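J.: got a sequence here, can you model it:
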Amino acid sequence: MPSVNSTIQLITREEAQAAGSGAPASTCTPGLAEGPWSFDTASASGAWAPSYGPGASLADPAPAATPRQGEIPAEYRLASDAELDARILAAKDKLGDKLVILGHFYQRDEVVKYADFVGDSFQLARAAKEKPAAEVIVFCGVHFMAETADMLSGPDQAVILPNLAAGCSMADMADIDSVQACWDQLAGVLGTGPDADGKVPVIPVTYMNSSAALKGFCGENGGIVCTSSNAETVLEWAFERAHRVLFFPDQHLGRNTAKAMGVPLEQMPMWNPRQVLGGNDEAALLDSRVILWHGFCSVHKRFTVDQIDKARADHPGVRVIVHPECPMPVVDAADEAGSTDYIRKAVAAATEPTAFAIGTEINMVNRLAAEYPQHTIFCLDPVICPCSTMYRIHPGYLAWVLEAYAGTGELPGGEVLNRITVPDSVAVPARVALERMLAAKP
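T.: Numbering: from 1, shown residues only. As a prediction, the model looks like this:
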């Protein structure tokens, strides 16, 4: 089975149908066929505007402070796939145990094949923690993941993000200033002191897909981090300590999890950071159990109930599994909802040939289809539209950072490019929230 990137190239050259490859006939933007460095540099006019690049987040407005990678040397941009492969493998071989490469489930095949560990953001951060001998941790994921790896790894270990422009539009939808302003407004309505039972009015819960600053905010305010696999356990932990939860940045994970726990929808008001009291009145906030931030994942927002209906019509008996970052109607219409690791394990555990319609990022779905050919596995969304920011990681960037440290290319070696560091003022309280998360086992 061709990789997602290979299929995109075929579609762009209008060869997919003629070659009879059976590949989907459309992508969400032609820009996916270009090298990511095309979007990391200034235009011909010299202007540069913050952007997440082609893919699912293309239409999401990027903050002015969005990291910019800048141009990498031409030798990495112009090298063939075979040449990049040889250079990456040579650098890995020279570095040996000094290097660990982490690859997220959503990463393109052309990069993830070099990973020593493949998993979700939490699994990879834990893997970084379990490799104390590695001098360099190269995180083939996005910025918030590299931040978490830096906070959980040793002080002598360097965490590298091959492309600094690999951010996350969902994580950017909740910034520290907006969350602090929300917290201050909530304090004015709900108060701050505990009641006779020791419960506080509200506890902050941030999804793993958030900046280190927001994790630090939770650590400083009695809060916690959650993952998509332990969100229910974390909410239970929070409700034992508070009357309500402020959940950010993903509204859908918060809503789907709380609904499954029996929290009525009318007790889950949305907080729009651009409006006073988030667009709510005081009565709604006082009656709330979960206050949902107005954020979302642009990959999972693409999935629809109509897509599920078509999958059931085309494949009678299909098993529909979606990620809990999908909108509530999609989760309700699916057979199951679970984290990326849940989806992977569900497919691996199927003993009989099964049709799976999966609602998550296309690179992971495509990889599962290749790994388990006895099943019929396809993405609910027929349009190829990968995670914009994961797709910013390319073998050219990986070769560049590896050779700079290994000294196998023209660079002398020992140079750490694109290092991600979190200052102690943020990392110390963030680790408190992360340790609470680690203890909240489902």
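J.: how is the chain carved up into domains?
T.: Structural domains assigned to the chain are 70-167+389-423, 172-298, 300-379, following automatic domain parsing.
J.: for Ala370, which non-adjacent residue is spatially closest?
T.: Leaving aside its chain neighbours, Ala370 sits nearest to Met1 (4.4 Å; criterion: CB to CB, 6 or more residues apart in numbering). Glycine gets a C-beta too; all of them are placed from N, C-alpha and C.
J.: who's in contact with that neighbour?
T.: Met1 makes contact with 366, 369-370, according to CB atoms under 8 Å, 6 or more residues apart in numbering.
J.: give me the subset of these lying in strands.
T.: Among the contacts of Met1, no member falls in strands (DSSP state E).
J.: of these, buried ones?
T.: Buried members of the contacts of Met1, counted by 16 or more other CB atoms under 10 Å: 366, 369.
J.: list the contacts of stretch 317-334.
T.: 228, 231, 250, 252-253, 255-257, 259, 296-297, 299-301, 303-305, 308-309, 311-312, 335-340, 342-343, 346, 350, 354-360, 380.
J.: in helices only, show me these.
T.: Cross-referencing the contacts of stretch 317-334 against helices under DSSP state H gives 231, 252-253, 255-257, 259, 305, 308-309, 311-312, 340, 342-343, 346.
J.: from those residues, which is closest to Arg126?
T.: Taking CB to CB as the measure, Arg126 lies nearest Thr340 of the ones in helices among the contacts of stretch 317-334, at 14.4 Å.
J.: can you count the residues close to the closest one?
T.: Residues lying near Thr340 (other CB atoms under 10 Å) number 23.
J.: can you tell me the helix or strand for Thr206?
T.: strand 203-207 (DSSP states H and E).
J.: can you tell me the strand partners of that strand and which way each runs?
T.: strand 224-226 (parallel), strand 245-248 (parallel) (DSSP bridges).
J.: mind listing what's buried in the longest one?
T.: What it means is strand 245-248. Across strand 245-248, burial judged by 16+ other CB under 10 Å covers 245-248.
J.: cool, and stretch 191-203?
T.: 200-203.
J.: ends of that stretch, how far apart?
T.: End-to-end distance of stretch 191-203 (CA to CA, to the nearest Å): 12 Å.
J.: same question for stretch 310-324.
T.: End to end - CA to CA - stretch 310-324 spans 20 Å.
J.: buried residues of that stretch, list them for me.
T.: Within stretch 310-324, the residues that count as buried by 16+ other CB under 10 Å are 311-312, 315, 318-324.
J.: quick one: which of those residues is nearest Ala74?
T.: For those, the residue nearest Ala74 by CB to CB is His323; the value is 38.3 Å.
J.: and stretch 319-326, end to end?
T.: Per CA to CA, stretch 319-326 runs 16 Å from first to last residue.
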